[in-house]
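>>> heads up, no residue letters with this:
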């Protein structure tokens with residue numbers, strides 16, 4: 001194979017190099033250049049693309065100013081190195097408020113622990129007022145919800161707060177607290193029940209519309225824990241025990257009164273029954289004695305029977321005189337009993 005010499009920059013011939021090797025080196029260099037250009041082009045294309053997912057908004061800024069808002073999922077484009085993209089969540093978010101102390105209208109301290117469900121409804125206004133920051137939004141929500149909770153509970157007694165804690169419920173007017181009944185609630189006069197507005201609804205009514213101010217919506221505020229300070233718990237438990245004891249004493253007194261009424265009624269009925277029975281017995285006894293006297297009268301009116309009855313009565317009198325175990329009796333001759341032995345009867 002023919003050998004060809006190549007020369008270096010000084011014009012000196014290079015040793016061991018061929019034209020085939022030079023061509024291979026040039027092709028390799030050209031390949032690397034093409035590869036670098038492709039990578040650079042891909043980087044440029046990627047920097048122009050905006051990928052928007054279903055649970056987010058994309059804010060396209062040009063020199064810090066929001067030019068447009070992308071709310072539709074998919075791929076869109078921007079000017080590279082000039083426009084930047086911020087991400088704003090498009091989903092329901094939860095914010096757990098720290099527990100705080102509030103004072104009721106009857107000057108009782110309560111600890112309220114609640115959480116908020118919220119979402120971004122206007123990403124442009126959200127970016128303009130809160131810099132598109134979720135943390136800034138949560139700080140603002142914290143202040144709004146705390147003030148609403150404080151204003152709501154400060155207008156209610158402790159019993160009313162506890163009664164409306166678990167949502168809507170119905171109680172009879174007799175069972176409802178007077179402060180609860182005096183609140184703006186609906187009363188069904190036919191069934192005599194009171195519908196109590198839940199604590200969540202009371203708090204939500206206190207929250208002003210923040211959507212127009214910050215581009216966010218507070219969906220709901222729910223109180224997950226409503227408790228008393230540790231130094232107040234024992235006093236409340238003592239009062240609850242006292243109230244339950246008073247209720248138990250009232251039930252006992254009512255039961256005793258009802259029992260006494262029942263016993264008095266029963267005694268009266270027994271007395272009436274006994275009285276009627278005695279009256280009936282006396283009537284029967286009187287009828288028997290009358291019949292007895294009639295029989296005696298009939299017997300003594302007949303001379304043939306009079307002697308026999310006199311004889312029987314004499315024997316009865318003798319038996320009665322010897323009822324104590326005495327077997328000896330002394331009689332005079334003219335005694336009616338002695339007449340039995342003398343054959344007078």
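That came in fine, so what should we check first? This is a predicted model, so every value here is computed, not measured.

>>> for residue 218, what are its contacts?
Shown in contact with residue 218 (C-beta atoms under 8 Å, 6 or more residues apart in numbering): 116-118, 141, 144-145, 204, 207, 210. Heads up, the C-betas are built off the backbone N, CA and C, glycines and all.

>>> tell me which helix or strand of the chain sits lowest on mean pLDDT?
helix 178-181 (a mean of 47; mean pLDDT, DSSP states H and E).

>>> circling back to that earlier point, scan the contacts of residue 218 and report the most crowded one.
For the contacts of residue 218, neighbours were counted using other C-beta atoms under 10 Å, and residue 145 has the most, 24 neighbours in all.

>>> report pLDDT for it.
In this model, residue 145 is scored at 90, pLDDT.

>>> tell me how far it lies from residue 96.
Distance of residue 145 to residue 96, given as C-beta to C-beta, to the nearest Å: 11 Å.

>>> contacting residues for residue 256?
Contacts of residue 256 (C-beta under 8 Å, 6+ apart): none.

>>> tell me the SS of it?
Secondary structure, DSSP: H, G, I helix; E, B strand; the rest coil: residue 256 is helix.

>>> and if you look at residue 76?
Applying three-state DSSP: residue 76 is strand.

>>> cool, and residue 280?
Following three-state DSSP, residue 280 is assigned to helix.

>>> please apply the same query to residue 222.
Counting by three-state DSSP, the backbone at residue 222 sits in strand.

>>> what do you get for residue 331?
Residue 331 ends up coil, using three-state DSSP.

>>> touching, it and residue 321? I think so.
No - contact criterion C-beta atoms under 8 Å: residue 331 and residue 321 do not qualify, at 9.6 Å.

>>> tell me the mean pLDDT for the helix or strand hosting residue 241?
For residue 241, the element it lies in under DSSP states H and E is helix 230-301. Mean per-residue pLDDT for helix 230-301: 87.

>>> mind checking how far that helix is from the chain centre?
Per C-alpha atoms, centre = their mean, to the nearest Å, the displacement of helix 230-301 from the mean C-alpha position of its chain is 45 Å.

>>> got it, and stretch 75-94?
Centroid separation for stretch 75-94 versus its chain: 44 Å, with C-alpha atoms, centre = their mean.

>>> give me the distance between the two termini of that stretch.
Stretch 75-94 has an end-to-end distance of 28 Å (criterion: C-alpha to C-alpha, to the nearest Å).

>>> got the contact list for it?
Residues contacting stretch 75-94 (C-beta under 8 Å, 6+ apart): 44, 47-52, 54-63, 67, 70-71, 115-120, 123, 126-127, 132, 134, 219.

>>> would you show me how to pick out the buried ones of the residues you listed in ChimeraX?
Of those, the buried ones can be selected in ChimeraX as follows, counting by 16 or more other C-beta atoms under 10 Å:
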select :52,56,57,58,59,60,61,70,116,118,120,123,126,127,132,134
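
>>> among the contacts of stretch 75-94, which lie within strands?
Members of these lying in strands (criterion: DSSP state E): 49-52, 56-62, 67, 70, 115-120, 219.

>>> now the helices: where do they sit in the stretch 1-150 of the chain?
Counting by DSSP state H, counting those that start in this stretch, the stretch 1-150 of the chain has helices at residues 19-48, 123-130, 134-154.

>>> what does the domain assignment say about the chain?
Domain assignment of the chain by automatic domain parsing yields the ranges 18-86, 93-228, 230-288, 302-341.

>>> which stretch in the ones you listed has the least confidence?
domain 302-341 - the lowest mean pLDDT of those, at a mean of 71.

>>> ok now stretch 205-217, how far from the chain's centre?
29 Å.

>>> now do the same end-to-end measure for that stretch.
14 Å.

>>> would you mark the buried spots in that stretch?
206-207, 210-211, 214-216.

>>> then stretch 32-39?
So stretch 32-39, judged by 16+ other C-beta under 10 Å, has zero buried residues.

>>> do stretch 135-144 as well
For stretch 135-144, by 16+ other C-beta under 10 Å, it's 137-138, 140-141, 144.

>>> between these, which is nearest residue 279?
residue 144 (86.4 Å; C-beta to C-beta).

>>> switch the buried residues of stretch 205-217 over to JSON lines; also include distance to residue 335.
Supplementary listing: the buried residues of stretch 205-217 in JSON lines, determined by distance: C-beta to C-beta, whole Å:
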{"residue": "206", "distance to residue 335": "117"}
{"residue": "207", "distance to residue 335": "121"}
{"residue": "210", "distance to residue 335": "128"}
{"residue": "211", "distance to residue 335": "129"}
{"residue": "214", "distance to residue 335": "132"}
{"residue": "215", "distance to residue 335": "135"}
{"residue": "216", "distance to residue 335": "130"}
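
>>> so which of these belong to strands?
Those of the buried residues of stretch 205-217 mapping onto strands are residue 216, per DSSP E.

>>> from the buried residues of stretch 205-217, which two are the most distant?
Across the buried residues of stretch 205-217 (C-beta to C-beta), the longest gap, 20.7 Å, separates 206 and 215.

>>> sounds good, over and out.
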